[in-house]
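**Student:** this is a predicted model, with the sequence first.
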Amino acid sequence: MLEHGTVDSGHVNEAEALRHRMRHSAAHVMADAVLRLFPEAKMGIGPPTQDGFYYDFDVARPFTPDDVAEIEKIVKETVTEGFPFIREELSREEAKTLFADQPYKLEIIEAIPDAETLSI
């Protein structure tokens, strides 16, 4: 998932910075689960919030309670498998190629100032 910018540790204490990273990571895990169930889903933004996180998706129909249960199941399986979280920086061209089928991510990439680092 695409991210840019960093948490300014001078303004955020260590626990808050860790909470931010964990919530950001949780949003990525959930987005992966949604894309496994709904490969045609278009991802919007998925930021951490004060109380957790959210992710915007453009899908053909609203998620049902059964969909949410399946998403939760996939999230739990993913977390149990213990995949590492690795942050990688990439160029704008690499980001555009990676998210070629994600129009909202492409809009985000275009809106990010050139001086900012893109990472996944």
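**Tutor:** Good, I have the coordinates. Numbering: from 1, shown residues only.
**Student:** rest of the way, CA atoms for contacts and neighbours
**Tutor:** Fine.
**Student:** burial count for the closest residue to Ala100 other than its chain neighbours?
**Tutor:** Residue nearest to Ala100 in three dimensions, not counting chain neighbours: Leu106, with 7.2 Å by CA to CA, 6 or more residues apart in numbering. Other residues within reach of Leu106, judged by other CA atoms under 10 Å, total 19.
**Student:** what residues are up against Leu106?
**Tutor:** 96, 99-100 (CA atoms under 8 Å, 6 or more residues apart in numbering).
**Student:** now the strands: where do they sit in this protein?
**Tutor:** With DSSP state E, the ranges of strands along the chain come out as 3-4, 42-43, 57-58, 89-90, 118-119.
**Student:** strands paired with the third one, and their directions?
**Tutor:** Right, the one you point to is strand 57-58. strand 42-43 (antiparallel) (DSSP bridges).
**Student:** Val29 contacts Val75, correct?
**Tutor:** Yes: assessed by CA atoms under 8 Å, Val29 is found in contact with Val75 at 6.2 Å.
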